[in-house]
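Student: Any chance you could fold what I've pasted below:
(2 chains)
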Amino acid sequence: MSFFSFKFLIFLIIVFIIYYIIPKRLKNSWLLIASYVFYASWNLKYSAVLLFITLISYATALTLPRMRKGRKRLLSLGIAVSLVTLCVFKFWEFWMDGLRTIFGISDPATGGIISIAAPIGLSFFVLTAIGYMVDVYRGKYEPESNCIRYALFISFFPNIMSGPIERGSNLLKQIQSDISFEYDTVKHGLMLMLWGYFLKCLIANRAAVIVDAAFGSYVEQTGFTMLFAVFLYGIQLYADFAGYSYIALGIAETFGYHLIVNFRQPYFALDMKDFWSRWHISLSTWLKDYVYIPLGGNRKGKVRQYLNLFITFLVSGIWHGNGWTYMIWGCIHGLYQVLERLIYPLRKAFLDKSHIKTDCFSYRFFHAIPTFILVDFAWLFFRSPSAQDAVAIIKQIAGNFQFQSSVTEKLFLVGCDQRMLTILVVELLALLLVDLLHESKISIMGWLNRQNKLFRWILYLSCVLILLIGMIHDYGLDASTFIYAQF
Amino acid sequence: MRKFYLNVLLFIIVLFSVLIFVDFLSMREPTRTILAELTDSTEYIAQDRGPDEIKPYLERTHYPDGTTKLIIGDSVCRQLFSHLQSRNTHIAMLGSNAGLTAAGQYIMAKEYLEHHPDTTDVFLLMLPKSLVRTFDTNWGYLYVVMPFVETDTLKYLDQETIDCLGDVYGKLFLNPSVVQFIDRSPINRKIYLNMLKEHSEGYIPSNQLELADQYVYKIYTMCKERNVAFHLYPCPVSEASADKVQALRSDFEKSKIREISPDYLDMVTYYPAEQAGDGTHFTGKYANDDNYDRLIKDIYAGTELYDMLSFDEG
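Tutor: Okay, the predicted model is just below:
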């Protein structure tokens, strides 16, 4: 049951209506049932994995405060069981390939490796559970004794699939308190959902057609086309992920819960450290609190700090996917962090001496652009099918640019005709405008609430119509319709 | 809370009213074209596809044109023979599109025979790959359902076939009003046809010639009952498709089509692949009347089809 299906819309309406009808003492149970129904709709068997992680972390955290000795060992056990579960599924193909190579065990039907689909959201709810156990161990808060509340915290359907990775101090705390209907919160939630659908359905999906077409046939493309595709991939990834996050945040708000904000205008970042305080915030803060700091953080000297940073980003890469490209991506970001810290004293000295203003548009602009370029370069590895392909694409960009022919014909072959380009530019300008307003701490909802109802409604209707027209426009669009349009 | 539900309900009512109005506009010019542009649905208002392509042929089956022979078949049949219509006024040349499937060709033949009691011959010319066409999600709705629902002729198919169409395309979408609703609006057409591709697999027959067996045989028995001679011939096939034709042989040997036209597969004439740019139709310098005349003379010489044709102007 995807967020983008009619079934989900019906599901959400039913859950919402019943949620606000039933007594307060039943609300958590109702949401828990709804969350498991949502999860089971993807794969019923994997609900058992979700339940398993929930029970392990619940039992571990509940037992920890009662133990005088062996707390660390119990915590380690809880974390190990969770991580092993994650690794078994995440690196399943790796294990199966090993079994086939060493023992000859293979799928009897195909002769290939025995493959299964990983439980959806596993990477997210395992981190949530681990974070909770560690927080309880550290005494940040008392463990939740009510199993329903705790199970809801782990399985909450808006964020179980792709985050944000929640914390006990945020979501669990809200689950423990009484939630009542708040008109403005629900309205804000619906607006967040609308914005999320715009990002995902109109920008991300449209960009994906071009990016997939280009990366799928990069050997035949010019350097400019591939450069454009890499740029667009950065946009696609942001729109896709942030879009999903906004939908999750919006849905949660309709039930009165405020999830962690996951994106904060990441491409306005002034340097790599700033980027990671704006991109996938729930993951980067999780890694900081549960990997970087336990490794020693910056408390054990510069060399150790750099090593810890590198390891943290390597872990991030591995977490993102089972493949060398993700590891390379993580390493690149680790390298960025280390180099940035190495040159920081020089940079600071230069800025101090030259009296360059750092709180003006020009400074921000001329720092955001190179930061975006560095981030986008790393995205190339994230997207490429293999490291060799990524290197080949870089060579393509450097050695076969062909700007003129790209603009007149090649871009069309990856689905980017003048019409598509115009639509994309308009949508990106809309995204830029909203991000600029947010960066300037201007509340769009606040401004809207000050307008007359008729104006607001016309605006809401227009937004919904634009979204629907855009979705119909792109319905049935895929890379092959452009690659093969020439045949 | 009540205020929220009331506002949401009112918003939904207003939104649906606007959507219905926009949909209404998408069925009428000039807003039809404007909305089609906005939603990238212009290819769905193409006049040469689906019901707009087939209905003129169906209408011609009703013409009191004095013809006594009928040629029906796929688009290759149309390509080869349509230029001869003016020189053969005793023949109704209604080759159309493989998308009709054998079921649609049956309706065409039935309508013609109903309105032309003096018919002596019916010729069905189809590529082997057209014979195996079934109710798919690409063209089936446009060619098998829409034209025949709009002309109230779908009822001539067997109930089992109509039920099958209902399973593939949705029973609701066989309703004449719904078909009209989809036909007149390119937006509705785009939404429905793309939804169909996502949610339906099309009809998967038990063997490749299942549908052809059923309806080609029905054409044959219908002709027999009226003392009309029925002839089934293959259209010329590109060499590139030779393997696919041979792959049909085992199903063909067991089929009813073999009883009607035992030499159908053996009669297939192959031409060089470069003559068919799309792998099916003659293109480029091979797409001209002189070449078609030459091909007909070469391929169908000695057949009843050839004997009744006149190639002379005037």
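Student: What parts of the stretch 51-200 of chain B come near chain A?
Tutor: Where proximity means C-beta under 8 Å from any C-beta of the partner chain, the interface of the stretch 51-200 of chain B facing chain A comprises B:Ile187, B:Lys190, B:Ile191, B:Leu193, B:Asn194, B:Lys197. Placement of C-beta: from N, CA and C, glycine included.
Student: What residue in chain A comes nearest to chain B?
Tutor: Closest contact between chain A and chain B, by C-beta to the nearest C-beta, is at A:Gly476 (4.0 Å).
Student: The residue lying closest to that residue once chain neighbours are set aside: neighbouring residues, count only.
Tutor: Computed as C-beta to C-beta, 6 or more residues apart in numbering or on different chains, the closest residue to A:Gly476 that is not its neighbour in sequence is B:Asn194, at 4.0 Å. Other residues lying near B:Asn194 total 16 when counted by other C-beta atoms under 10 Å in any protein chain shown.
Student: Closest to chain A out of the residues of the stretch 51-200 of chain B next to chain A?
Tutor: Proximity of those to chain A was ranked by C-beta to the nearest C-beta; the top entry is B:Asn194 with 4.0 Å.
Student: Please name the residues that touch the residue positioned nearest the centre of chain A.
Tutor: Closest to where the C-alpha atoms of chain A average out (C-alpha atoms, centre = their mean) is A:Phe241, at 4.5 Å. By C-beta atoms under 8 Å, 6 or more residues apart in numbering or on different chains, the contact list for A:Phe241 reads A:Ser162, A:Asn262, A:Phe263, A:His280.
Student: tell me the SS of it?
Tutor: Recorded secondary structure, A:Phe241: helix (DSSP: H, G, I helix; E, B strand; the rest coil).
Student: care to break the chain down by domain?
Tutor: No chain in the question, so chain A it is. By the assignment in automatic domain parsing, chain A contains the domains A:6-180, A:183-487.
Student: wait, chain B
Tutor: According to the domain assignment given by automatic domain parsing, chain B is divided into the following structural domains: B:2-38, B:47-308.
Student: would you list the ones you listed in CSV and tack on mean pLDDT?
Tutor: Conversion of the domains of chain B to CSV gives the following (pLDDT from 0 to 100):
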stretch, mean pLDDT
domain B:2-38, 92
domain B:47-308, 92
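Student: Deepest in the core, which of these is it.
Tutor: Mean neighbour counts were compared across the domains of chain B using mean count of other C-beta atoms under 10 Å in any protein chain shown; the top stretch is domain B:47-308, at a mean of 18.
Student: residues near A:Gly98, how many?
Tutor: A:Gly98: 13 neighbours (other C-beta under 10 Å).
Student: Verify the contact between B:Gln215 and B:Ala102 for me.
Tutor: Just so we're on the same page, residue B:215 is Tyr rather than Gln. Yes - between B:Tyr215 and B:Ala102 there is a contact at 3.8 Å, judged by C-beta atoms under 8 Å.
Student: My read is that the residue nearest to A:Gly476 contacts A:His473, right?
Tutor: No - taking contacts as C-beta under 8 Å, B:Asn194 lies outside contact range of A:His473: 11.5 Å.
Student: and the domains of chain A as CSV, adding mean pLDDT?
Tutor: Formatted as CSV, the domains of chain A follow (pLDDT from 0 to 100):
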stretch, mean pLDDT
domain A:6-180, 89
domain A:183-487, 88
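Student: Redo these as a markdown table? Include distance to B:Lys171.
Tutor: Rendered in a markdown table, the data for the domains of chain A read as follows (distance: least, C-beta to C-beta, whole Å):
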| stretch | distance to B:Lys171 |
| --- | --- |
| domain A:6-180 | 19 |
| domain A:183-487 | 23 |
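Student: wait, which of the domains of chain B is closest to A:Ser177?
Tutor: With distances scored as C-beta to C-beta, the stretch of those nearest to A:Ser177 is domain B:2-38 (21.1 Å).
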